[in-house]
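Engineer: pasting the structure only:
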Ligand code: HEM
């Protein structure tokens with residue numbers, strides 16, 4: 001019975017892992033479309049240009065989603081890919097995390113460039129790190145940086161005693177999951193904040209709004225898209241919970257993490 005439950009949980013986890021990858025890829029494509037389309041009347045972001053002060057911000061959303069949803073999401077599910085050898089999974093894990101860091105660098109540089117350039121707005125430079133979104137963002141980045149550094153030191157140095165590797169692993173895993181949850185919160189609040197700055201992602205109902213589904217067509221297409229990105233990010237997060245939960249139901253000898261550690265593969 002418990003073996004059956006273990007296998008079932010494993011199937012759930014595998015399916016959820018593939019969903020995480022497909023959904024995160026979809027969110028990235030949608031965010032690039034949102035950022036790149038020029039039609040600002042329809043509430044798209046208006047294009048991406050690094051040297052154009054009004055458009056440099058538009059690198060921030062797609063690169064944060066590419067880094068924190070796709071690269072990070074694929075990295076933390078890399079050990080769930082049973083078709084590859086463990087050392088390959090481990091290299092993929094490190095490589096994807098490194099790509100994530102590059103994307104975060106570009107995304108953050110873009111938002112700071114757009115805030116701090118004296119020409120950034122007609123009323124002068126913009127305030128930094130004042131919003132709930134930016135605080136969740138800073139928390140996410142801090143958690144991510146410490147987990148990357150400690151993970152790097154613990155698991156990429158062959159001299160590190162196996163006892164320390166084993167001791168740190170549960171914390172490394174739970175902090176990774178917490179960071180992913182924070183990243184999703186940051187992306188969701190970022191989208192809502194940007195929609196607020198843009199304005200116009202609503203409609204004026206004629207009388208009591210009894211059937212919102214009918215009136216929803218009245219909001220601009222760019223808002224349909226940005227709301228859609230938020231929904232896909234939420235779905236990715238939910239699938240991630242299932243994808244990473246396999247070990248709760250599996251038998252100890254099926255536990256990849258423990259096997260990897262005892263074989264010295266992590
Ligand atoms: C995990 C992903 C994200 C992280 C870690 C993050 C982090 C940050 C940080 C730290 C700031 C403050 C920059 C400053 O004050 O100079 C910021 C600003 C901003 N972000 Fe994000 N961001 C993320 C995703 C997004 C997304 C997807 C959007 C969608 C449009 C977005 C929209 C904004 C906006 C509008 C600002 C400027 C206003 C403000 O400072 O709050 N962010 N972000």
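Structural biologist: The structure has been received and is ready for your questions. In this text the structure is predicted, and so the values were computed from the model without any measurement.

Engineer: Now do residue 94: how many residues are near it, please.
Structural biologist: By the criterion of other CB atoms under 10 Å, residue 94 has 16 neighbours. Glycine gets a C-beta too; all of them are placed from N, C-alpha and C.

Engineer: Run the chain-centre distance for stretch 152-171.
Structural biologist: 25 Å (CA atoms, centre = their mean, to the nearest Å).

Engineer: now stretch 225-245
Structural biologist: Offset of stretch 225-245 from its chain centre (CA atoms, centre = their mean): 9 Å.

Engineer: Please apply the same query to stretch 230-248.
Structural biologist: 11 Å.

Engineer: Would you mind listing the buried residues in that stretch?
Structural biologist: Buried residues in stretch 230-248, counted by 16 or more other CB atoms under 10 Å: 230, 232-233, 235-237, 239-240, 242-244, 246-247.

Engineer: Format those residues as JSON lines; extra columns: distance to the ligand, pLDDT and secondary structure.
Structural biologist: As requested, those are exported to JSON lines (distance: CB to the nearest ligand atom, whole Å; pLDDT from 0 to 100; DSSP: H, G, I helix; E, B strand; the rest coil):
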{"residue": "230", "distance to the ligand": "9", "pLDDT": "98", "secondary structure": "helix"}
{"residue": "232", "distance to the ligand": "12", "pLDDT": "99", "secondary structure": "helix"}
{"residue": "233", "distance to the ligand": "8", "pLDDT": "98", "secondary structure": "helix"}
{"residue": "235", "distance to the ligand": "15", "pLDDT": "98", "secondary structure": "helix"}
{"residue": "236", "distance to the ligand": "12", "pLDDT": "98", "secondary structure": "helix"}
{"residue": "237", "distance to the ligand": "12", "pLDDT": "98", "secondary structure": "helix"}
{"residue": "239", "distance to the ligand": "17", "pLDDT": "97", "secondary structure": "helix"}
{"residue": "240", "distance to the ligand": "14", "pLDDT": "97", "secondary structure": "helix"}
{"residue": "242", "distance to the ligand": "21", "pLDDT": "94", "secondary structure": "helix"}
{"residue": "243", "distance to the ligand": "19", "pLDDT": "94", "secondary structure": "helix"}
{"residue": "244", "distance to the ligand": "18", "pLDDT": "92", "secondary structure": "coil"}
{"residue": "246", "distance to the ligand": "25", "pLDDT": "61", "secondary structure": "helix"}
{"residue": "247", "distance to the ligand": "26", "pLDDT": "58", "secondary structure": "helix"}
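
Engineer: what's the closest of those residues to residue 36?
Structural biologist: Residue 36 lies nearest to residue 232 out of the buried residues of stretch 230-248, by CB to CB, at 17.4 Å.

Engineer: Confirm for me that that closest one is in contact with residue 28.
Structural biologist: No. Applying CB atoms under 8 Å, one finds residue 232 not in contact with residue 28, separated by 9.5 Å.

Engineer: Ignoring the adjacent residues along the chain, who's closest to the residue nearest the centre of the chain?
Structural biologist: In the chain, the centroid-proximal residue (CA atoms, centre = their mean) is residue 69; its distance is 2.3 Å. Among residues not flanking residue 69 along the chain, residue 24 sits closest, at 4.5 Å (CB to CB, 6 or more residues apart in numbering).

Engineer: Assign that neighbour to helix, strand or coil.
Structural biologist: What DSSP: H, G, I helix; E, B strand; the rest coil gives for residue 24 is helix.

Engineer: Now do it against the ligand, distance only.
Structural biologist: Noted for residue 24: a distance of 12 Å to the ligand, by CB to the nearest ligand atom, to the nearest Å.

Engineer: cool, and residue 54?
Structural biologist: For residue 54, the distance to the ligand (CB to the nearest ligand atom) stands at 13 Å.

Engineer: Using the three-state scheme, assign that residue.
Structural biologist: Three-state call for residue 54 (three-state DSSP): coil.

Engineer: Now do the same contact list for the closest residue to it other than its chain neighbours.
Structural biologist: Leaving aside its chain neighbours, residue 54 sits nearest to residue 46 (7.6 Å; criterion: CB to CB, 6+ apart). Neighbouring residues of residue 46 by CB atoms under 8 Å, 6 or more residues apart in numbering: 37, 38, 39, 40, 54, 55, 58.
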